[in-house]
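# can you look at this prediction? I've put the sequence above it.
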Amino acid sequence: MNLALAKTETGRALSDAFALARDRLPGAGSVADARQQAFEAYEGAGLPHRRIEDWKYTDLRVLMREVLPLAAAPDAAALTRAGAALKLHAIEGVRRLVLVDGVFAPKLSETANLEKGLGIRTLREVLQAGDAALQAQLFAPDSSNPLVALNSAMMTDGIVIDVADGAVLTQPLHIVHIASGAQSAAMFTRSLLNLGRAASATLVESYIAADGAKAYQAHDSLILSIGDNARLDQVRLIEDGREAFNISSSVVTLGAAAYLNTFAITSGSYVSRYQAVIAFAGEGSRVETNGVNLLNGRQHADSTLVLDHAVPNCTSREIFRSVVDDRGHSVFQGRIIVRPDAQKTDAKMMTRALLLSDEAEADNKPELEIFADDVTCGHGATTGALDESLLFYLRARGLSEKEAQALLIQAFVGEAIESIANDALREIVISAAERWLEARG
Amino acid sequence: MALLEVKDLQVRVDDREILHGLSLTVNKGEVHAIMGPNGSGKSTLSHVIAGKPGYEVTGGEILFNGEDLLEMSPDERSAKGVFLAFQYPVEIPGVATMTFLRTALNAQRKARGESEFSTPDFLKKVRAVAASLNIPQDMLRRGVNVGFSGGEKKRNEILQMALFEPSLCILDEMDSGLDIDALRIAADGVNALRSPDRAMVVITHYQRLLNYIVPDFVHVMSRGRVVKSGDKELALELEASGYTQFEDAA
């Protein structure tokens, strides 16, 4: 009874929000139709709840309750606050592409002097005046996932990147999502990277908030298409405000002999869900998708990954570590699908959780769906506390309790961080982990 | 003032009393050996002095340079100059030995209000000490004690002792698991650290170690007390007659 009521209330509020927002959303004609279909798909399902297996540990009807109204485009004051936040999280040597409250901010971004083979447009431009094929690609993600459908319906802006065949980008691209914090609102962004054959790029995504930001919702999705023989190194840094919601989806397709090394670190936001579907469409490709959750207070972070081995001779590796303090809750769901044709698949998944308090919680759910017979697949999961004998040894050598814990936590997450192949990206993640440890005191 | 004064110490673990009124006085420059059969409370004494959790002190006191040691956390004791060389040094995967040594040394110095070591000074110091103990450089790059042999782990303890320059060194069963060559290297390392400003408490089951680290005083423990004290001749006596007489006496 209560559940039905909750759904109705949530659904009605959102229908109103969509009706109000639709005139402000870019794109007409087929784009508007696609939005409408996506919205109906979302409306049919509503906010996912614990009785849906995929959302068992992340019941958005309890945690999020409602989708906030669409954020207004940032004014001068919002851009100033965002600029200040950006300075605190600046990364040296990258090409910065900034979205403030879900809208591209040209003055905070660097779009001049593009390297040869690199094309950058905004999602708004492409939805308003792009070619039909690109628009269709932007609506390709599967609306059976309600939050993906919602994002398709509401997407306002984002970065659409094209890297030409053979182009090897030396400068990393950095997409920064900033909540300016003036209003309690939702932003809906979608970005796309088409990486050509034998091309190579490095992508960083950050989610941050201006000082004193109110509760907000960041709904983001990323479509990655990695061509034959191409390589992408990627890190995601979820450092949202402590009252924020971050719902991010990635939809990744790899061609043949391609390589993806991707890493996500979540230390911010109140509730976050990162859902990625990575599909092998060509043989001989390799994916390393790893991550770390660093949680305290009442933070909830859910990483739900699907590795879809549809073709033979591909390799996937997942290493995931979570460190949970206070009443934090970390969720890892990893599904590996090996389809009937995908012989010689080599897929491994290892997840470990470290609980720093009696009330901390970590859920690990590995799922292997194997329909081919000549494969190597494995998974493992452990959950535990810091080893008392190691802590005493370090304290007997002069380290305070916090210092001893910090050293052991660094070692614990280090096993995952080591998997980042790109030196610059690894340093960025190590700094983010150190920021969390320092804030812990 | 004595460096270490243990007075009538009573300690319980899980409702079982392990030490029943143990007393021991150690002055600077002295080397004391504590001998006794298994289960006599030797390791408990070393753990309580270092501050290991899980022991309940129900009576008595421990003074270090006149200060109440039992009021201090393990890291405070370390900064004050107490060093326990562990019987079984732990392995810490993912923490490079060099990182560990620098973090520990600087934590102790910071607690004493001293400046942190600069990286070049630190490296120079570690390399010199490591060379004297026959510790290869690649061992310092590996995780703390990870994949080290028994002898290497013990040498790593002595390396730390040399680096941190404590005023009280407690060596808990340093000889366990070492062959005669490894024992000699470890003992040479310890002997090099003997100094008028430093005291050592050598805990051992066997007299053998005391051929290499010659003590000024020998104490025999049995059933949670010191039952006899003497000079190094007492260790030889024990070797000949065994511990049985003391178990009866206790």
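Perfect, I can see it now. Here the structure is a predicted model, which is why all the values come from computation and not from measurement.
# if you count neighbours, what's buried in the one helix or strand A:L408 maps to?
Per DSSP states H and E, A:L408 falls inside helix A:401-417. Using 16 or more other Cβ atoms under 10 Å in any protein chain shown as the test for burial, helix A:401-417 gives A:403-417. Heads up, the C-betas are built off the backbone N, CA and C, glycines and all.
# other residues contacting it?
Taking contacts as Cβ atoms under 8 Å, 6 or more residues apart in numbering or on different chains, the residues outside helix A:401-417 that touch it are A:263, A:290-292, A:294, A:319-321, A:323, A:352, A:354, A:356, A:386-387, A:390-391, A:394-395, A:399, A:426, A:429-430, A:433-434, A:437, A:440-441, B:73, B:75, B:92-95, B:99-100, B:103, B:107, B:143.
# just the closest of the buried residues of helix A:401-417 to chain B, please.
Sorting the buried residues of helix A:401-417 by distance to chain B puts A:A411 at the head of the list, at 2.9 Å, by Cβ to the nearest Cβ.
# that older thread, quick one, the next helix or strand after the helix holding A:L408 and helix A:401-417 angle?
Scanning the chain past helix A:401-417 towards its C-terminal end, the next helix or strand to appear is helix A:423-440 (assignment: DSSP H and E). Relative orientation of helix A:423-440 with respect to helix A:401-417: 150 degrees, computed using axes from the mean of the first three to the mean of the last three Cα atoms, to 10 degrees.
# burial count for the nearest residue to B:F122 once chain neighbours are set aside?
Leaving aside its chain neighbours, B:F122 sits nearest to B:R102 (5.6 Å; criterion: Cβ to Cβ, 6 or more residues apart in numbering or on different chains). B:R102 has 18 neighbours, counted by other Cβ atoms under 10 Å in any protein chain shown.
# can you check A:L47 too?
When neighbours are defined as other Cβ under 10 Å, A:L47 has 23 of them.
# roughly how far does the closest residue to it other than its chain neighbours sit from chain B?
Leaving aside its chain neighbours, A:L47 sits nearest to A:L60 (4.4 Å; criterion: Cβ to Cβ, 6+ apart). With distances taken as Cβ to the nearest Cβ, to the nearest Å, A:L60 is found 35 Å from chain B.
# tell me the spacing between A:L60 and A:S272.
A:L60 sits 12 Å away from A:S272 when distances are taken as Cβ to Cβ, to the nearest Å.
# quick one: which of these two has more around it?
In this view A:L60 and A:S272 are compared by other Cβ under 10 Å, and A:S272 has more residues nearby, 27 against 24.
# what's the offset of the helix or strand where that one lies from the middle of its chain?
Assessed by DSSP H and E, A:S272 sits inside strand A:271-280. On the basis of Cα atoms, centre = their mean, to the nearest Å, the separation between the geometric centre of strand A:271-280 and that of its chain is 7 Å.
# one more: stretch B:142-162?
Relative to its chain's centre, stretch B:142-162 lies at 14 Å (Cα atoms, centre = their mean).
# what ranges do the strands span in chain B?
Taking DSSP state E as the criterion, chain B contains strands spanning B:4-13, B:16-26, B:31-35, B:56-64, B:67-68, B:82-85, B:92-96, B:143-144, B:168-172, B:199-204, B:217-222, B:225-230.
# any residues touching the fifth one, and which ones?
If you take Cβ under 8 Å, 6+ apart as the criterion, strand B:67-68 is touched by B:61-62, B:80.
# now with 10 Å, please.
When contacts are taken as Cβ atoms under 10 Å, 6 or more residues apart in numbering or on different chains, the neighbours of strand B:67-68 outside the stretch itself are B:61-62, B:76-77, B:80.
# need the pLDDT of A:M1.
The predicted local confidence for A:M1 comes out at a pLDDT of 34.
# my bad, should have said A:E401
Reading off the per-residue confidence, A:E401 sits at a pLDDT of 94.
# ok so, going back, of all the buried residues of helix A:401-417, which two lie farthest apart?
In terms of Cβ to Cβ, these reach their longest pairwise distance at A:E403 and A:A416, which sit 21.6 Å apart.
# point me to the residue of chain B nearest chain A.
With Cβ to the nearest Cβ, the shortest gap between chain B and chain A falls at B:G94, namely 2.9 Å.
# how many neighbours does that residue have?
B:G94 is surrounded by 18 other residues when neighbours are defined as other Cβ under 10 Å.
# cool, the one 4 residues further on as well?
Using other Cβ under 10 Å as the criterion, B:M98 is surrounded by 17 other residues.
# count the residues that sit near residue 76.
I'll assume chain A. Residue neighbour count, defined by other Cβ under 10 Å, stands at 7 for A:A76.
# chain B, not that one
The criterion is other Cβ under 10 Å. On that basis, B:E76 has 18 neighbouring residues.
# what sits against the residue nearest to it when sequence neighbours are not counted?
Once its chain neighbours are removed from consideration, B:E76 has its nearest residue in B:A111; the separation is 6.9 Å (Cβ to Cβ, 6+ apart). B:A111 makes contact with A:398-400, B:75-76, B:78-80 under the criterion Cβ under 10 Å, 6+ apart.
# apart from its chain neighbours, what residue comes closest to residue 73?
You didn't say which chain, so I picked chain A. The shortest distance from A:A73 to any residue that is not its chain neighbour, by Cβ to Cβ, 6+ apart, is 5.0 Å, and that residue is A:V103.
# can you look at chain B instead?
The shortest distance from B:S73 to any non-neighbouring residue, by Cβ to Cβ, 6+ apart, is to B:G51 (6.5 Å).
# doesn't A:Y393 make contact with that neighbour?
No: taking contacts as Cβ atoms under 10 Å, B:G51 lies outside contact range of A:Y393: 11.8 Å.
# overlap in contacts of the two?
For the pair B:G51 and A:Y393, residues contacting each of them under the criterion Cβ under 10 Å, 6+ apart are B:74, B:84.
# more neighbours: those two, which one.
Neighbour tally, B:G51 and A:Y393, criterion other Cβ under 10 Å: the higher count belongs to A:Y393, 26 against 22.
# could you see whether chain B lies near the helix or strand harbouring that one?
Following DSSP H and E, one finds A:Y393 within helix A:388-396. Yes: under the criterion of Cβ under 10 Å from any Cβ of the partner chain, helix A:388-396 makes contact with chain B via A:388-396.
# contacts only, for the residue nearest to B:F83 when sequence neighbours are not counted.
On the basis of Cβ to Cβ, 6+ apart, the spatially nearest residue to B:F83 that is not a chain neighbour turns out to be B:P166, at 3.5 Å. Counting by Cβ under 10 Å, 6+ apart, B:P166 touches A:398, B:77-85, B:108, B:160, B:193, B:198-200.
# for A:A198, see how far away B:P166 is.
When Cβ to Cβ is the yardstick, B:P166 and A:A198 sit 60 Å from each other.
# any idea how far A:K116 is from A:L232?
Relative to A:L232, A:K116 is positioned 18 Å away (criterion: Cβ to Cβ).
# same question for A:G117.
Counting by Cβ to Cβ, the separation of A:G117 from A:L232 is 14 Å.
# the more surrounded of those two?
In this view A:G117 and A:L232 are compared by other Cβ under 10 Å, and A:L232 has more residues nearby, 24 against 16.
# quickly list what the more buried one is bridged to.
Listed beta-bridge partners, A:L232: A:A201, A:L260 (assigned using DSSP bridges).
# surely it touches A:V204?
No: between A:L232 and A:V204 there is no contact, the gap being 11.5 Å when judged by Cβ under 10 Å.
# ok, A:I247 to A:D302 distance?
Distance of A:I247 to A:D302, computed by Cβ to Cβ: 10 Å.
# wait, A:D423
Counting by Cβ to Cβ, the gap from A:D423 to A:D302 is 30 Å.
# between those two, who's got more neighbours?
Counted by other Cβ under 10 Å, A:D423 and A:D302 do not tie: A:D302 has more neighbours, with 25 against 8.
# what helix or strand is the more buried one on?
When elements are defined using DSSP H and E, A:D302 is found to belong to strand A:300-309.
# run the chain-centre distance for the helix or strand just after that strand.
The helix or strand immediately downstream of strand A:300-309 is strand A:315-324, counting by DSSP H and E. Distance of strand A:315-324 from its chain centroid, counting by Cα atoms, centre = their mean, is 14 Å.
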